[in-house]
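Novice: Would you be able to build a 3D model of this:
(chains A, B, C and D)
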Number of protein chains: 2
Amino acid sequence: MRLTTKGRFAVTAMIDVAMHGTQAPVTLAAVSERQKISLSYLEQLFGKLRRHGLVESVRGPGGGYNLAHPADSVSVADVILAVDEPIDATQCGGRENCFDDRRCMTHELWAGLNEHIFGYLRSVTLAELVRQQQPKSGDVSVLQDHRQPPKPRAKAELLPS
Amino acid sequence: MRLTTKGRFAVTAMIDVAMHGTQAPVTLAAVSERQKISLSYLEQLFGKLRRHGLVESVRGPGGGYNLAHPADSVSVADVILAVDEPIDATQCGGRENCFDDRRCMTHELWAGLNEHIFGYLRSVTLAELVRQQQPKSGDVSVLQDHRQPPKPRAKAELLPS
DNA sequence: TTTTAGTTGACTAAATCATTCGGGAATTGT
DNA sequence: ACAATTCCCGAATGATTTAGTCAACTAAAA
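Specialist: Numbering: from 1, shown residues only, chains lettered A, B, ... in the order given. Sure thing, here's the model as predicted:
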């Protein structure tokens, strides 16, 4: 699990698409303008998002990107995973070819931490994030625990070789 | 919040010190050998850990590093923060000089996500991680919720200018 | 057939990561 | 006083990642 600004950009852009893409596809130029993210950078990110099945593209005039699945079935984790590719980095590559006597500590350790953080990011959907953007007047009650009980969710299915 | 192998190295090393430093200070050479981390890299990391008040150093023969505070009062978050310096990167620098109409979305959004992840990392102490390493025989029950109710904790006090 | 907009790939500058090197300074033991 | 040990510090390095740019291309619409 990696957690950098790259993933943030992707999530931000996805929220933008979710918010403005209800009628027609959203063009990257529009996202770029609204979110102040470089157009070409967005192109890279959306290339990955598309290949991971998170968005669909429409070419030509009036084209742009749409969410491939309803916003409440896409988690923050899905988005981050799509752009920030895997990396496990437990140093013992996930196997137990560690060394010495005991298996290298970091093994279970980071797996557990990752699992937790990941579980959370998986529980937050785009729909919730969009919902929090809507109330323009009135105070935003900071992002309290809106997470729902685990429910089956459409998963990005293709990992092109 | 950033989450990379750098922070992992630091936590791993801190666990090593916590485990082997009960009698005498732990030398970085020993940590390097046991955890297979480059000595010079450890020196860099421990320089930061020391400046943040997480470890104390003893020079000369028989010297090395000791935890500056008991292992159950040091959280994973403390360690990661010490080496992976701040970075907020909400793009609007934390202030609301964003642009446009609404304040840039990412603001509250990532603050909230960060807060949660951070809360978790702050709830896991070195002592717990050490405890999980001890049972050499018998299965390790994967890192279930061992976290204790919030308790006041010694905080790294100095940020040298 | 021109315009819009996605698609792809290569390329770049800057930052970060992980590591190495070299020379210090403090402490211990002789 | 001297040598060994260990921390301390800064600079340099190569590899990777970030973030951004550029240019050429394809598909669809008007």
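
Novice: quick one: residue A:42 and residue A:34 touch, right?
Specialist: No. With contacts counted by CB atoms under 8 Å, residue A:42 stays clear of residue A:34, the gap being 11.0 Å. In short, each C-beta sits where N, CA and C put it, glycine included.

Novice: Starting from residue A:33, give me the distance back to the spatially closest residue to residue A:29 that is not a sequence neighbour.
Specialist: Once flanking residues are discounted, residue A:29 sits nearest to residue A:39: 6.2 Å by CB to CB, 6 or more residues apart in numbering or on different chains. Distance, residue A:39 to residue A:33, by CB to CB, to the nearest Å: 9 Å.

Novice: Mind checking if the longest helix seen in chain A is in reach of DNA strand C?
Specialist: Under DSSP state H, the helix in chain A containing the largest number of residues is helix A:106-123. No. On the criterion CB under 7 Å from any atom of the strand, helix A:106-123 is out of touch with DNA strand C, staying 12.1 Å away.

Novice: Next, residue A:10: secondary structure please.
Specialist: Put simply, residue A:10 is helix when judged by DSSP: H, G, I helix; E, B strand; the rest coil.

Novice: next one: residue A:66
Specialist: Per three-state DSSP, residue A:66 ends up strand.

Novice: So which helix or strand of chain A has the lowest pLDDT on average?
Specialist: helix A:106-123 (a mean of 80; mean pLDDT, DSSP states H and E).

Novice: what helices or strands is that helix leaning on?
Specialist: Contacts defined by 3 or more CB pairs under 8 Å, 6 or more residues apart in numbering or on different chains; DSSP states H and E place helix A:106-123 against helix A:76-83, helix B:5-20, helix B:106-123, helix B:126-133.

Novice: Residue A:60 is nearest to which of these?
Specialist: Closest to residue A:60 of the helices and strands packed on helix A:106-123 is helix A:76-83 (CB to CB; 24.6 Å).

Novice: Mind giving me the packing neighbours of the closest one?
Specialist: helix A:5-20, helix A:39-51, helix A:106-123, helix A:126-133.

Novice: do that again at 6 Å, thanks
Specialist: helix A:5-20, helix A:39-51, helix A:106-123 (3 or more CB pairs under 6 Å, 6 or more residues apart in numbering or on different chains; DSSP states H and E).

Novice: For DNA strand D, give me its nearest residue in chain A.
Specialist: Of all residues in chain A, the one sitting closest to DNA strand D is residue A:40 (2.5 Å; CB to the nearest atom of the strand).

Novice: quick one: that residue from residue B:61, how far?
Specialist: 57 Å.

Novice: higher neighbour count, the two?
Specialist: Per other CB atoms under 10 Å in any protein chain shown, whichever of residue A:40 and residue B:61 has more neighbours is residue A:40, with 10 against 7.

Novice: residues in contact with that one?
Specialist: Shown here is residue A:40, which makes no contacts under the criterion CB atoms under 6 Å, 6 or more residues apart in numbering or on different chains.

Novice: number of nearby residues for the residue nearest to residue A:29?
Specialist: 12.

Novice: Return the per-residue confidence for it.
Specialist: pLDDT, residue A:39: 94.

Novice: for DNA strand C, what are the nearby residues on chain A?
Specialist: A:25-29, A:40, A:43-44, A:46-47, A:50-51, A:57-65, A:89.

Novice: what sits up against stretch A:11-29?
Specialist: Under CB under 6 Å, 6+ apart, the answer for stretch A:11-29 is A:31, A:34-35, A:39, A:42, A:58, A:63-67, A:71, A:76, A:79, A:126, A:129-130, B:106.

Novice: again, only using 7 Å
Specialist: A:30-31, A:34-35, A:37, A:39, A:42-43, A:45-46, A:55, A:58, A:62-67, A:71, A:76, A:79-80, A:126, A:129-130, A:133, B:105-106 (CB atoms under 7 Å, 6 or more residues apart in numbering or on different chains).

Novice: Narrow those to just the buried residues.
Specialist: Among the contacts of stretch A:11-29, those scoring as buried are A:31, A:34-35, A:37, A:42, A:45-46, A:55, A:64-67, A:71, A:76, A:79-80, A:126, A:129-130, A:133, B:105-106 (criterion: 16 or more other CB atoms under 10 Å in any protein chain shown).

Novice: coming back round to it: can you say which of the helices and strands packed on helix A:76-83 is packed in most?
Specialist: helix A:5-20 (a mean of 22; mean count of other CB atoms under 10 Å in any protein chain shown).

Novice: Do that one and DNA strand D come into contact?
Specialist: Yes. Helix A:5-20 comes into contact with DNA strand D (CB under 7 Å from any atom of the strand), by way of A:5, A:6, A:9.

Novice: CA atoms only: put that helix into CSV for me.
Specialist: C-alpha atoms of helix A:5-20 as CSV (Å, rounded to 0.1, in the frame of the first residue of the first chain):
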residue,chain,number,x,y,z
THR,A,5,-0.5,12.6,-3.7
LYS,A,6,-0.8,10.6,-6.9
GLY,A,7,-3.6,8.6,-5.4
ARG,A,8,-5.2,11.8,-4.1
PHE,A,9,-5.2,13.3,-7.5
ALA,A,10,-6.9,10.3,-8.9
VAL,A,11,-9.6,10.2,-6.2
THR,A,12,-10.2,14.0,-6.6
ALA,A,13,-10.6,13.5,-10.3
MET,A,14,-13.0,10.6,-9.8
ILE,A,15,-15.1,12.7,-7.5
ASP,A,16,-15.2,15.4,-10.1
VAL,A,17,-16.4,12.9,-12.7
ALA,A,18,-19.0,11.5,-10.3
MET,A,19,-20.3,15.0,-9.6
HIS,A,20,-20.4,16.4,-13.0
